[in-house]
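Q: heads up, no residue letters with this:
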């Protein structure tokens, strides 16, 4: 168990603004800093860092916490690992370094199992039973050296061969399930997650096998085309990229982002060591950050079918927001890079790479394929959609591409710019209205899972939140507040729990901090606590007595739904007490 003193030192040595600025481009906004949230896709910055309270909060996705909470989210770590990450950053030595807590120990066991499973699958591939799977890889043009380099394998066609192998090595049932290498049968045994599939290990940047992808290689195999490891304690597919452990060592500041495992492996075998694949249909903000760490330009190489084109459309804005230069590779004469290289060779593929279009040219081209611009109706529809697209570009880019579109349609450039500018104004207005609605909804507590009583007790909960904000800023008022307003007089349970923690922490002789509070609540609750204490609704310390009176009065006032359940005598008694209070 880490001492609070050590945790405090870690936080003091890791300024929250400095830490977060390593992941988010922040701009000063008064005393605070704002930027685009790293946890969800947005165009208007709603992510705020509050140095005064050493916390962060996003009004878009409601993520919030302290510097440890930020590292937990962004690096997908548990609490102790996040503290260790920040301790290493600050040059501090973790106390009791050799001791593992439960989660850390389980993470270690999962990593060990994945390594053993990878060896098991590789050996099985070269066994007599794996002959058909090996022939599949060879037929796809892969050499034995490439198979070894990527650790490819085959999962035997049985119910529990891997599970029995792992059990024989001393791994327990709960550990095998935690690694998602198996699942529980109806009789309580373990069934292998992967059976009779060619196997692709997913390796993190440190060289650890963190997950697997299993692909059907014959129609005789039951189930879908792919079976993949679900998220575990060491793996979250939105954070990883296939073959990034190899591609990060290429000297190029350009990465090729492919759709599938085989495309990546074929490119590496052909000499393109900078190929990777997202573990899903479209790149995520987390993956975009990893890409930008090792590259300035990303070439999107997706299948030419509708699913591949939709993936490109979703991926482009995410990578652009990360600041990457995005290019789109158009493959003709083959359905994917693997097939193209086998048909035409790596030299022709290099020519495709050198001639690929940028993301703007690609997007305008895609819009153009929807309409017949030889007709007036087609030209009008094309102009509306392409101007709507231009409205999201910068002024200089809008100017350049408006000229090209005007030439294509044989119209004045000023007409294109006028339409694009009008669309930009509508877009900005819609984004601001959406942001306002989301913030209003959050403030009003509509649909709040953290404090479901808030919407029905809006006045009381507002007073509770404002009081908590004041007490956090002026902690010397906590004893007087506790004496005047015991926690049981709070109206909402969530507010009551926070208030009780304020009192308990203060009475223990410690400062009430985000770090101490966030150890007592869930991640979602912590986000709401950060929003409350950073609220500007109440900053004058003298207001706290007025707020206490509001809470007491609201506590005594029967709500319509409660009043309906009271007898006449009980209702009259409530009214009498309120009159005396006001008197």
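A: Looks like it came in fine. Every value quoted in this text rests on a predicted model; they were computed, and no experiment measured them. Numbers count the residues shown, from 1 in each chain.
Q: and the most centrally placed residue in the chain, how far from residue 71?
A: The structure's the chain has its C-alpha centroid closest to residue 39; by CA atoms, centre = their mean the separation is 4.3 Å. Going from residue 39 to residue 71 by CB to CB, to the nearest Å gives 13 Å. Quick note: C-beta positions are derived from backbone N, CA and C, even for glycine.
Q: with residue 314 instead?
A: Going from residue 314 to residue 71 by CB to CB gives 27 Å.
Q: between those two, who's got more neighbours?
A: Taking other CB atoms under 10 Å, residue 314 and residue 71 do not tie; residue 71 has more neighbours (24 against 14).
Q: and the more buried one, which helix or strand is it part of?
A: Following DSSP states H and E, the helix or strand that holds residue 71 is helix 67-75.
Q: I figured residue 197 hits residue 225, correct?
A: No - with contact defined as CB atoms under 8 Å, residue 197 and residue 225 do not form a contacting pair (9.7 Å).
Q: residue ranges of the helices in the stretch 1-150 of the chain, please?
A: 4-12, 16-20, 67-75, 79-90, 102-125, 131-139, 144-150 (DSSP state H, counting those that start in this stretch).
Q: average pLDDT across the first one?
A: Think helix 4-12. Summarised as a single mean, pLDDT over helix 4-12 is 87.
Q: the second one now?
A: Per-residue pLDDT over helix 16-20 has a mean of 94.
Q: so which bits of that helix are buried?
A: 16, 17, 19, 20 (16 or more other CB atoms under 10 Å).
Q: got the contact list for it?
A: Residues from elsewhere that reach helix 16-20 (CB atoms under 8 Å, 6 or more residues apart in numbering): 26, 33, 35, 49, 51, 54-56, 66-67, 70-71, 86, 89.
Q: may I ask which of those has the most neighbours?
A: residue 56 (31 neighbours).
Q: domains for this structure, by residue range?
A: 4-90, 102-235, 239-353, 370-429, 455-582 (automatic domain parsing).
Q: can I get those in TSV with distance to residue 360?
A: TSV is the format used below for the domains of the chain (distance: least, CB to CB, whole Å):
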stretch	distance to residue 360
domain 4-90	16
domain 102-235	31
domain 239-353	9
domain 370-429	6
domain 455-582	36
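Q: so which of the ones you listed comes closest to residue 362?
A: domain 239-353 (3.9 Å; CB to CB).
Q: straight-line length of that closest one, end to end?
A: Start-to-end span of domain 239-353 (CA to CA, to the nearest Å) is 26 Å.
Q: so which residues of the stretch 451-583 of the chain form strands?
A: For the stretch 451-583 of the chain, no strands are identified by DSSP state E, counting those that start in this stretch.
Q: note down every partner strand of the host helix or strand of residue 299 and its orientation.
A: Applying DSSP H and E as the criterion places residue 299 in strand 297-301. Strand pairing for strand 297-301, using DSSP bridges, gives strand 254-258 (parallel), strand 325-328 (parallel).
Q: any idea how far the longest one is from the middle of the chain?
A: Think strand 254-258. Offset of strand 254-258 from its chain centre (CA atoms, centre = their mean, to the nearest Å): 21 Å.
Q: pLDDT averaged over it - what is it?
A: In this model, strand 254-258 has a mean pLDDT of 95.
Q: repeat for stretch 129-136
A: 96.
Q: can you list contacts of that stretch?
A: Taking CB under 8 Å, 6+ apart as the rule, stretch 129-136 contacts 124, 125, 126, 147, 154, 156, 157, 198, 217, 218.
Q: then stretch 351-371?
A: With contacts defined as CB under 8 Å, 6+ apart, stretch 351-371 is touched by 256, 299, 309, 312-313, 316, 320, 325-331, 340, 378-379, 381-382, 385-386, 389, 393, 397, 401, 404-405.
Q: how far does it stretch from one end to the other?
A: 30 Å.
Q: repeat for stretch 311-331
A: 15 Å.
Q: how about that stretch: buried residues?
A: Buried residues in stretch 311-331, counted by 16+ other CB under 10 Å: 311-312, 315-322, 324, 326-329, 331.
Q: what does that stretch contact?
A: With contact meaning CB under 8 Å, 6+ apart, stretch 311-331 is reached by 25, 36, 41, 43, 256-257, 259, 278, 281-285, 288-289, 291-292, 295-302, 304, 337, 340, 352-353, 356-359, 362-363, 366.
Q: filter those residues to the buried ones?
A: 36, 41, 256-257, 259, 278, 282-285, 288-289, 291, 295, 297-302, 337, 340, 352, 356, 359, 362-363.
Q: so which elements touch whichever strand or helix holds residue 211?
A: Residue 211 is part of strand 209-215, with elements assigned from DSSP H and E. In this structure, strand 209-215 packs against helix 102-125, strand 197-203, strand 226-228, with contacts taken as 3 or more CB pairs under 8 Å, 6 or more residues apart in numbering; DSSP states H and E.
Q: for the chain, name the helix or strand with the lowest mean pLDDT.
A: Lowest mean confidence among the helices and strands of the chain (mean pLDDT, DSSP states H and E): helix 560-563, at a mean of 48.
Q: gap between stretch 53-64 and the chain center?
A: 14 Å.
Q: ends of that stretch, what's the gap?
A: 12 Å.
Q: what's the first-to-last distance across stretch 269-279?
A: By CA to CA, one end of stretch 269-279 lies 20 Å from the other end.
Q: give the buried residues for it.
A: Going by 16+ other CB under 10 Å, stretch 269-279 has these buried residues: 269, 270, 272, 273, 274, 275, 276, 277, 278, 279.
Q: thinking again about what came up before, of all the strands paired with strand 297-301, which one is nearest residue 213?
A: Nearest to residue 213, of all the strands paired with strand 297-301, is strand 254-258, at 13.4 Å by CB to CB.
Q: now the element after that closest one, going C-ward?
A: Following strand 254-258 in sequence, per DSSP H and E, is helix 261-269.
Q: other SSEs contacting that following helix?
A: Here helix 261-269 touches helix 144-150, strand 254-258, strand 275-278, helix 337-344, going by 3+ CB pairs under 8 Å, 6+ apart.
Q: now it, how far from the centre of its chain.
A: 27 Å.
Q: likewise for stretch 335-347?
A: Relative to its chain's centre, stretch 335-347 lies at 34 Å (CA atoms, centre = their mean).
Q: same question for stretch 78-98.
A: Per CA atoms, centre = their mean, the centroid offset for stretch 78-98 relative to its chain is 23 Å.
Q: what does the average pLDDT come to for it?
A: Stretch 78-98 comes out with an average pLDDT of 84.
Q: and for stretch 175-182?
A: The average of the pLDDT scores along stretch 175-182 is 96.
Q: contacts for it?
A: Against stretch 175-182 from outside (CB under 8 Å, 6+ apart): 106, 109-110, 113-114, 117, 160, 162-163, 166-167, 183-184, 190-194, 211, 229-230, 232-233.
Q: ok, residue 171 touching residue 114?
A: No - contact between residue 171 and residue 114 fails when scored by CB under 8 Å: they sit 11.0 Å apart.
Q: when these two are compared, which one has more neighbours?
A: residue 114 (25 against 21).
Q: quick check: closest non-adjacent residue to that one.
A: The shortest distance from residue 114 to any non-neighbouring residue, by CB to CB, 6 or more residues apart in numbering, is to residue 209 (4.0 Å).
Q: what residues are shared contacts of residue 197 and residue 225?
A: Between them, residue 197 and residue 225 share these contacting residues under CB under 8 Å, 6+ apart: 215, 216.
Q: more neighbours: those two, which one.
A: Between residue 197 and residue 225, residue 197 has the larger neighbour count (other CB under 10 Å), namely 26 against 10.
Q: low-confidence ranges in the chain?
A: 1, 96-101, 304, 434-448, 536-542, 557-583 (pLDDT under 70).
Q: check contacts around the nearest residue to residue 262 once chain neighbours are set aside.
A: Spatially, and ignoring its direct neighbours in sequence, residue 262 is nearest to residue 338 (5.1 Å; CB to CB, 6+ apart). Going by CB under 8 Å, 6+ apart, residue 338 touches 140, 141, 260, 262, 263, 266, 267.
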